[in-house]
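Q: Predicted model, plus sequence, below.
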Amino acid sequence: MTGGFFVESGAHDGTSLSNTVFLEANRNWTGLLVEANPELFEMLMSSSNRTASRAINACLSPSGKREVLDFALGGFLGGLTGYMSEAHDHRMKSEIKAAGDAAGPTNTGKTVSVMCWPLHEMMAALGKTRVDYWSLDTEGSEAAILNATDFDKIDVRVMTVEVNDGQARANVEKVMATKPFKLHNALLRMLNLHGTAATSRDQGDLYKVLVLDRHCKDIIAPLLRVSELRAQGITLHLLLEQERQAIPDVPAIYFVHPTPENVERIIQDAQQQLYDVMHVNFATSVPSRLLEQLASGVVKANAVSRVAKLFDEYLSFIALEPSCFSLGLPDSYLALNDPTARDTQIESAVGQIVDGLFSVLVTLGVVPIIRCPKGGAAEHVAAALEGKLRDHLKARSNLFSEGASALAATLSRPLLVLLDRNFDLSVMLQHAWSYKPLVQDVLGLKLNRVTLAPDTAGLPPGAGLLPQHAKKSYDVDDKDFFWEAAGALPFPKVAEEVESQLQKYKAAVDEINSKTAGGGDEAILDHEEMLRRNTQNLMSAVSSLPELQEKKKEKKKVLDKHTNLATSLLGAIKGRGLDGFYNLEEDLLTGKGDSAGLLKLLQGAKGTAADKLRLGLVQLLAAESAPSEAELAELTGALTAAGVPDTTALTYVARLRRNRLVGSARPAPAAGQGALGAPSQGNLLDWADKALGQGISSVTRSVKNLLSGARQAPVAAALEALMDGKQGTQEFDSFAVLDPKLPPGRTGLDRAKGPFREALVFMIGGGNYLERESLAAWASRSTPPRQVLYGATEMLAGEEFLHQLEELGRRSGIAPAAPAAAAAAAGGAP
């Protein structure tokens, strides 16, 4: 490639040890050279072979904001003092001492103040947004710089990162694993007609209309808010299925799935000349028959000129968080287990899953080793996905040729583990106690948005709702600092985290104020040192204060938002007695529950009918063996007496257990912490009382410290066996192994012996945040830490999954089991 643009951070003298001098001298590249050492920078500026590039005496910011930091002059080993490891610092000082007088001014070991800038601001000053090659070598601060880099504002094609040791490498890989999906950037390119994303309104002068089908609307919803769409020139976003008025002078961007109905609507729009031109983007690859339908349709309508471009985007998935995705396929468990479904319906459902997983792998740029249980939907999906990948890899140029993601950049290929939902049903039904799973299960988190019901407290009966009582919606995603910090915490500790974040903010303000005032004991400093520190303080304050003022309002909004969410959760916990359900379910799943405790909770006034049915299902799934007719009748009678009107789901799951289609949810004890690794609650409830008002202590003091007990989630246990290659375990020895890079039937266990550093876990039939958090906790506890992406056909709350079980029971012709008393009266089992 010739004529590219590079960034070399840690440019040294521009010649020796340079990763870009060849590109500039021999391939007509230009670029940006970043060097913090002022002595080396002078040498760089005098170099005769770097005249085509721009250079700056600064460093890249490890915090994402402008700041002044201390830099150690250590030659090619110099770096930011707060980011070098002890071993690296010792090596630098030892080499300086060994060099003695020959060290020179670039290698004195002294500390100087340097200005640090975010990379996107440096690029904006040059009028650039694309980096064809980024060389990052900053002697310890690489992971922090990557974490602070806004990849939504710059497009980095290829990068190399130098690390000094294994821990530094792990830190870099961990950071890059939090930025796995390029979906956001791909959507921005699509909205800008496959050009560079607009970074300001002067690039958004071309107004556009965005036309979506309902599923593609869900793909965009978690990633792009209305303000972001407007920044890209999108003035209207409309549903394809609805009637739309003509806007003949404006181009339209279509983002839809390739279906006969959608293609027909596109043909009609072209015929009616609704828009100036149409840029058609399909979420997955378009079958040839639909291309023929589209081509013949626009020709017959004499509207060929209306279709400007057509793209296969491979974006048929929903990126909820950097390590969590959904395919957005509703009722997938029902569709794959429906006894009345025709073969064509099953094949269609499998095809949708394969298309979505293929899109995920294309976006990640990886071809994984696939493992799954033999038999069932997981193996069916695995075989179809392997075939699609293998066929695609046969092409000379394919979508995996330039994989540049974090997973693609590692030395080993990742593992893709496909599991049927029946592998562990209990996690979909049990009640949660940590923040993110509670928000999903109780408040109905969907597509990173939570909508709270209207607050009618204090209103007289029949009174109309005032504006302050209207329902409120809140967005929560990985950009929400509190959501990320507190998501895995037990509910009582969420209040403590609110207080902790407020204290951190106040401390930051006090620090800036003290720096502006030039605080500190200046009497012991010489004039030069005092001047240096005051200059550093002033520069830092000037660059930080405006940003802090803006962040003050945003941080307050975030904390107010989560205070409201936590308050709503508290109301549900108190009203439904969710702490009691959580406690007993954890006891049942660890083999410590008893029927007396179950009956006591079922007979109590707390909990909805769905809460009690879910408890009964967990008890059935946690039992060591399938229930007898008498045991099922007794449990059914207890639920009926507790006000549960329909126990069809219970009878259906009992049949699954008897037919060995789902096993016991009680796993073997695991060493160390449990699924979510929560600490002892102790005085956390006092924090919650202060932040959320009186009443939480009486609700939660009875909650046992079960999260730090000895239960490992079944999916986490299976993943550990597969990633570590534990021979002798049921999962490693019995799961199928598929490798799309090998001919069919040539893959053996030797291809899956591991250990694997990265894995994708995909649940066929639905998943939830409770399961996702348990996998994330296991991955972070592993040595070395693992990187796990979690995905599912859809993300479901407990009651949503319960409805699918009930419908399957009805379609299977199952009548609820007769209560024990009725069975005895009819001469049944006692």
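A: That came through fine.
Q: What ranges does the stretch 251-400 of the chain have for its strands?
A: For the stretch 251-400 of the chain, strands defined by DSSP state E, counting those that start in this stretch occupy the ranges 252-256, 278-282, 307-312, 318-321, 324-326, 369-372.
Q: Mind putting these into JSON lines with mean neighbour count, mean pLDDT and distance to residue 86?
A: For the C-beta atoms, the positions are set from N, CA and C on the backbone; glycine is no exception. Output for those, formatted as JSON lines (neighbours: other CB atoms under 10 Å; pLDDT from 0 to 100; distance: least, CB to CB, whole Å):
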{"stretch": "strand 252-256", "mean neighbour count": "25", "mean pLDDT": "97", "distance to residue 86": "51"}
{"stretch": "strand 278-282", "mean neighbour count": "23", "mean pLDDT": "96", "distance to residue 86": "51"}
{"stretch": "strand 307-312", "mean neighbour count": "15", "mean pLDDT": "93", "distance to residue 86": "51"}
{"stretch": "strand 318-321", "mean neighbour count": "24", "mean pLDDT": "93", "distance to residue 86": "33"}
{"stretch": "strand 324-326", "mean neighbour count": "25", "mean pLDDT": "96", "distance to residue 86": "35"}
{"stretch": "strand 369-372", "mean neighbour count": "26", "mean pLDDT": "96", "distance to residue 86": "37"}
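Q: Now distance to residue 578 too, for these, in CSV please.
A: As requested, these are exported to CSV (distance: least, CB to CB, whole Å):
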stretch, distance to residue 578
strand 252-256, 39
strand 278-282, 43
strand 307-312, 46
strand 318-321, 24
strand 324-326, 23
strand 369-372, 34
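Q: Point to the residue nearest the middle of this protein.
A: Nearest residue to the geometric centre of the chain (CA atoms, centre = their mean): residue 321, 2.2 Å.
Q: which residues does it contact?
A: Neighbouring residues of residue 321 by CB atoms under 8 Å, 6 or more residues apart in numbering: 448, 477, 478.
Q: May I ask which of those residues has the most neighbours?
A: With neighbours taken as other CB atoms under 10 Å, the top of these is residue 448, carrying 20 neighbours.
Q: wait, isn't it in contact with residue 477?
A: Yes: with contact defined as CB atoms under 8 Å, residue 448 counts as touching residue 477 (4.5 Å).
Q: distance of the residue nearest to residue 748 when sequence neighbours are not counted from residue 784?
A: Of all residues not flanking residue 748 in the chain, residue 737 sits nearest, at 6.7 Å (CB to CB, 6 or more residues apart in numbering). Relative to residue 784, residue 737 is positioned 24 Å away (CB to CB, to the nearest Å).
Q: Same drill for the two, tell me which one is more crowded.
A: Legend: neighbour count by other CB under 10 Å for residue 737 and residue 784, higher for residue 737 (19 against 13).
Q: Give me the sheet partners of the helix or strand encompassing the more buried one and which way each runs.
A: Remark: residue 737 resides in strand 736-738, with elements defined by DSSP states H and E. Strand 736-738 has the following sheet partners, assigned by DSSP bridges: strand 369-372 (antiparallel).
Q: which residues are contacting the partner strand?
A: Applying CB under 8 Å, 6+ apart, the contact partners of strand 369-372 are 378-379, 381-382, 385-386, 413-419, 722, 735-740, 751-752, 756.
Q: picking up where we left off before, out of the strands of the stretch 251-400 of the chain, flag the one nearest residue 592.
A: Among the strands of the stretch 251-400 of the chain, the nearest to residue 592 by CB to CB is strand 324-326 (31.0 Å).
Q: How many residues are close by residue 81?
A: When counting by other CB under 10 Å, one arrives at 15 neighbours for residue 81.
Q: what does the model give the nearest residue in space to it that is not next to it in sequence for pLDDT?
A: Nearest non-adjacent residue to residue 81, counting by CB to CB, 6+ apart: residue 70, 4.6 Å away. pLDDT, residue 70: 92.
Q: right, and residue 70 touches residue 82 too?
A: Yes: applying CB under 8 Å as the test, residue 70 and residue 82 come out as touching, 7.1 Å apart.
Q: Give the residues shared as contacts by those two.
A: Here residue 70 and residue 82 have no joint contacts, going by CB under 8 Å, 6+ apart.
Q: The closest residue to residue 351 other than its chain neighbours and residue 809, how far apart?
A: Of all residues not flanking residue 351 in the chain, residue 384 sits nearest, at 7.3 Å (CB to CB, 6+ apart). Distance, residue 384 to residue 809, by CB to CB: 28 Å.
Q: between the two, who's got more neighbours?
A: A direct count of neighbours by other CB under 10 Å for residue 384 and residue 809 places residue 809 higher, at 22 against 18.
Q: and the strand or helix carrying the more buried one, what does it pack onto?
A: Per DSSP H and E: residue 809 is located in helix 798-811. Where contact means 3 or more CB pairs under 8 Å, 6 or more residues apart in numbering; DSSP states H and E, helix 798-811 is packed against helix 332-337, helix 426-429, helix 609-622, helix 648-658.
Q: helices and strands around the third one, which ones?
A: Spelled out, it's helix 609-622. The contact analysis (3+ CB pairs under 8 Å, 6+ apart) places helix 609-622 against helix 426-429, helix 578-589, helix 595-603, helix 629-641, helix 648-658, helix 798-811.
Q: Determine the angle, from 0 to 180 degrees, between the following helix or strand past the shortest one and helix 798-811.
A: It refers to helix 426-429. Sequence order places helix 435-443 as the next helix or strand after helix 426-429, per DSSP H and E. Calculated by axes from the mean of the first three to the mean of the last three CA atoms, to 10 degrees, helix 435-443 forms an angle of 60 degrees with helix 798-811.
Q: Only alpha carbons, please: show helix 435-443 as CSV.
A: What follows is helix 435-443, C-alpha atoms only, in CSV (Å, rounded to 0.1, in the frame of the first residue of the first chain):
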residue,chain,number,x,y,z
TYR,A,435,-27.8,-4.7,40.1
LYS,A,436,-27.9,-5.4,36.4
PRO,A,437,-29.8,-8.7,36.6
LEU,A,438,-32.3,-7.0,39.0
VAL,A,439,-32.8,-4.1,36.6
GLN,A,440,-33.5,-6.6,33.8
ASP,A,441,-35.7,-8.9,35.8
VAL,A,442,-37.7,-6.4,37.8
LEU,A,443,-37.7,-3.2,35.8
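Q: thinking in terms of the whole chain, how far from its middle is it?
A: 16 Å (CA atoms, centre = their mean, to the nearest Å).
Q: and what of stretch 266-276?
A: With CA atoms, centre = their mean as the basis, the mean position of stretch 266-276 lies at 37 Å from the chain mean.
Q: got the buried residues for it?
A: Within stretch 266-276, the residues that qualify as buried are 266, 267, 269, 270, 274, 275, counting by 16 or more other CB atoms under 10 Å.
Q: Now for the residue nearest to the last one when sequence neighbours are not counted: which residues touch it?
A: Counting by CB to CB, 6+ apart, residue 252 is the residue found nearest to residue 275 once chain neighbours are left out, at 3.8 Å. Residues in contact with residue 252 (CB under 8 Å, 6+ apart) are 208, 209, 210, 211, 269, 274, 275, 276, 277, 278, 279.
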